[in-house]
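Participant: fold the stuff below for me.
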Amino acid sequence: MTRARFQLMFVTALFVLSAGHEASGQATAVLFRYLPEGASLSSSVITNNVEEGPFLDPVEFAARNPGGWGMTAPSTAEFESDQSTIRSQETESFSQPLGPQFSMEIWFRGQESGQTSTLFSNRVDSSEGFTVGLSGDVPYFEFAIQGATYRLLADQPVATETNVWIAATLKYWQGTLTLRLFVDGVSQSEQSVSVSIPSPYTFAHPVMIGSTASGDPANPSLAGTFTGHIFAASVKAYEVPEEYVTSGVPHDGGPYFGLPSYHDYDLDDQRLPADLRIQSSPVEIKKRFFLPYANDLYIPQGTASRVESTEDGSTPFVYVSYYHRTRLGTIGLQHSIVAEINAETGTVRRAFRLMGQLSHSHVGGVAYSHGALYISSESILERYPLPEWEPSNPQKYLDLEADPDGTIQTPSKASFVSAFQDTLWVGDYRTSSDVAPYLFAHALDEQGRPNPTPSHRFPLPRRIQGVDLIDGPRGTVVVLSRNRTSTTAELLRYRREDLSSSFLVNPDSVIIMPHGIEDLSFFPDGSLWTNSESGTDYYQRKSSGAWSSFYPFVYSIPASSVLGSPMPTSSEHIPVKANLDVDVFPNPFNDTLSIFLKSQHTEAVSVYIFDVLGRRIATLAENTLSSRPLEFQWDATRVPAGAYFTLIQSGKNRIVTPIVRAE
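Facilitator: Take a look at the predicted model:
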């Protein structure tokens with residue numbers, strides 16, 4: 001059993017076992033939550049000399065001021081003196097039948113250097129409980145129980161006037177107590193000790209923020225210890241999964257610094273918390289960062305990459321294009337944007353608002369070449385020259401104007417685009433109900449402007465979301481992405497020299513990926529970047545049909561996962577009769593199977609489907625005469641899942657292909 005599955009089962013059991021033990025109507029999974037100006041989503045608190053209100057960082061002004069880009073300014077609680085305190089109003093204790101299992105998180109911004117302060121705690125004097133705080137600006141986590149105090153320290157101090165996310169987890173299981181500390185998605189310290197903790201364990205209230213408490217727990221005396229801003233704080237009755245606490249923070253200026261705010265359900269809502277719905281990846285992940293601007297109602301689509309050279313070295317960047325969509329499904333209320341993300345740290349350096357013809361488009365793809373971003377959507381390719389980064393005058397939010405001579409119409413729907421060897425590769429996303437999709441190649445001139453006449457055209461499988469190419473050990477590799485089912489996605493790998501201009505070819509390799517996959521982009525080291533729209537606000541929050549899958553990241557997989565297996569030569573392909581090319585796709589399939597044929601001679605073709613008992617159950621073609629490529633589709637909705645065969649006969653050739661209808 002995987003750790004993620006066990007964690008899910010444990011929390012589900014906790015919901016059941018803890019029924020009737022809730023404090024003041026709170027959901028069992030959330031023991032305490034504080035959101036400034038979020039009374040309907042917060043636990044009841046008592047504040048003193050704390051000013052709540054929107055916090056507008058000057059860096060964020062262009063995007064988050066009332067007349068700006070339409071993004072949301074987060075709210076904070078400002079602590080200004082030792083009289084600034086917050087504590088929970090509830091003092092009722094909470095019982096955990098299996099022993100302590102907690103996750104504490106706080107999002108803050110300090111204003112004074114050298115602070116030694118309590119940020120978050122449920123300890124009154126020297127009572128048992130937890131404390132998350134700063135010691136000379138160094139984050140720490142303490143847990144006191146049975147007369148012992150266990151303490152973890154971070155590796156280094158945090159800077160003032162900088163947004164910081166501290167997470168701490170505590171888990172007791174079979175005589176072992178494990179404590180872990182994280183800062184901005186980076187593991188800092190871990191400790192495991194053998195100890196016997198009788199069950200049930202009692203989590204005590206009140207909970208204090210930015211304050212120390214003494215005296216009577218029912219009515220403690222508080223003293224402020226922190227100077228700065230608190231954006232949010234929460235205690236959960238479970239250990240959050242690895243994927244949540246070890247993923248990079250984009251610091252996009254929005255709520256939770258870019259972490260998903262989908263855990264802002266009502267406190268009495270019993271649905272499974274969002275962080276527990278993050279799925280583990282079926283493929284090795286090299287880098288993983290939370291997608292920025294998801295809390296601002298943007299949905300990611302395109303992915304591009306670039307390595308920027310400077311006098312001090314080089315910095316890799318990944319670009320993600322977004323369109324705006326409200327929870328009700330309304331689109332076009334805000335400009336489409338592109339985020340420039342440091343591929344080492346995951347932080348947003350700049351965000352660009354598109355001001356050209358595609359300013360409010362779906363922005364299905366983005367590519368980088370010749371000092372410009374190329375946006376694809378609505379059968380249009382549009383070139384946006386990218387301004388150079390100026391360290392002496394950094395600006396985070398910029399409007400991008402389109403190159404009037406760099407816009408072309410393309411025969412493609414332009415659902416996605418990538419740049420490779422002075423060529424833009426543009427492709428279609430099409431379903432089985434639409435015409436067949438293609439991949440088009442548009443050459444770039446010396447100024448980086450695309451030729452409107454494609455130099456190549458290749459048939460594509462249906463439902464493709466992205467493409468990119470790279471020179472591998474044995475030739476140029478083409479990789480396509482698509483969502484395979486409602487929970488998984490895949491990469492299809494091809495040799496460039498094997499692509500045909502007239503018929504589909506089979507991929508030489510298929511790699512299973514997290515669901516929600518979008519566009520693709522290779523870095524020179526062979527790592528492949530993409531993003532997942534499954535973690536966006538619209539697909540997680542909409543009133544009906546919310547996606548069950550959840551992978552809210554921009555991420556990369558290592559070159560070994562894409563290019564590591566041997567690339568077969570042409571002679572290693574499964575042999576097909578010389579005068580008949582066949583592609584059966586997808587396989588396995590769900591409801592509809594597509595069969596593509598190309599005959600080099602004009603001959604009658606018959607296409608049949610058989611079950612494993614040898615019974616013919618479908619006739620798709622019989623003695624059909626054509627010298628052009630043919631496409632047939634089998635609607636298998638009326639037959640059960642299982643194994644079948646296609647039999648294709650043309651002249652003296654008989655080709656049998658095993659197929660599988662999935663559940």
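Participant: please make it C-alpha for all contacts and neighbour counts, starting now.
Facilitator: Fine.
Participant: the bottom helix or strand of the chain by mean pLDDT?
Facilitator: helix 3-17 (a mean of 44; mean pLDDT, DSSP states H and E).
Participant: now the element after it, going C-ward?
Facilitator: strand 30-34 (DSSP states H and E).
Participant: tell me the gap between that next one and the middle of its chain.
Facilitator: 25 Å (C-alpha atoms, centre = their mean, to the nearest Å).
Participant: and that strand, what other elements does it pack with?
Facilitator: strand 228-236 (3 or more C-alpha pairs under 8 Å, 6 or more residues apart in numbering; DSSP states H and E).
Participant: just the C-alphas of the strand it packs on, formatted as PDB.
Facilitator: Extracted in PDB, the C-alpha atoms of strand 228-236 (Å, rounded to 0.1, in the frame of the first residue of the first chain):
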ATOM      1  CA  GLY A 228       4.800  42.100  10.900                       C
ATOM      2  CA  HIS A 229       2.000  40.600   8.900                       C
ATOM      3  CA  ILE A 230       0.200  37.200   9.300                       C
ATOM      4  CA  PHE A 231      -1.700  36.100   6.200                       C
ATOM      5  CA  ALA A 232      -3.100  32.800   7.400                       C
ATOM      6  CA  ALA A 233      -2.600  30.000  10.000                       C
ATOM      7  CA  SER A 234      -4.100  26.600  10.400                       C
ATOM      8  CA  VAL A 235      -3.900  23.400  12.400                       C
ATOM      9  CA  LYS A 236      -5.100  20.200  10.700                       C
END
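Participant: quick check: angle from it to strand 30-34?
Facilitator: 170 degrees (axes from the mean of the first three to the mean of the last three C-alpha atoms, to 10 degrees).
Participant: strand 228-236: what's the following helix or strand?
Facilitator: Next along from strand 228-236, by DSSP H and E: helix 242-245.
Participant: beta partners for K287?
Facilitator: S556 (DSSP bridges).
Participant: gap between it and T407?
Facilitator: 33 Å (C-alpha to C-alpha, to the nearest Å).
Participant: try P220
Facilitator: In terms of C-alpha to C-alpha, P220 sits 67 Å off from T407.
Participant: now do the contacts for the closest residue to T536 other than its chain neighbours.
Facilitator: If the residues on either side of it in the chain are set aside, T536 comes closest to A294, at 5.4 Å by C-alpha to C-alpha, 6 or more residues apart in numbering. Residues in contact with A294 (C-alpha atoms under 8 Å, 6 or more residues apart in numbering) are G258, P260, G535, T536, D537.
Participant: that older thread, neighbour count: P220 and T407, which is higher?
Facilitator: T407 (22 against 15; other C-alpha atoms under 10 Å).
Participant: can you pull the pLDDT of that one?
Facilitator: The per-residue pLDDT reported for T407 equals 96.
Participant: which residues are in contact with it?
Facilitator: Neighbour list for T407: I380, L381, E382, R383, R449, P450 [criterion: C-alpha under 8 Å, 6+ apart].
Participant: I figured the last one hits G406, correct?
Facilitator: Yes - at 6.5 Å, P450 counts as touching G406 under the criterion of C-alpha atoms under 8 Å.
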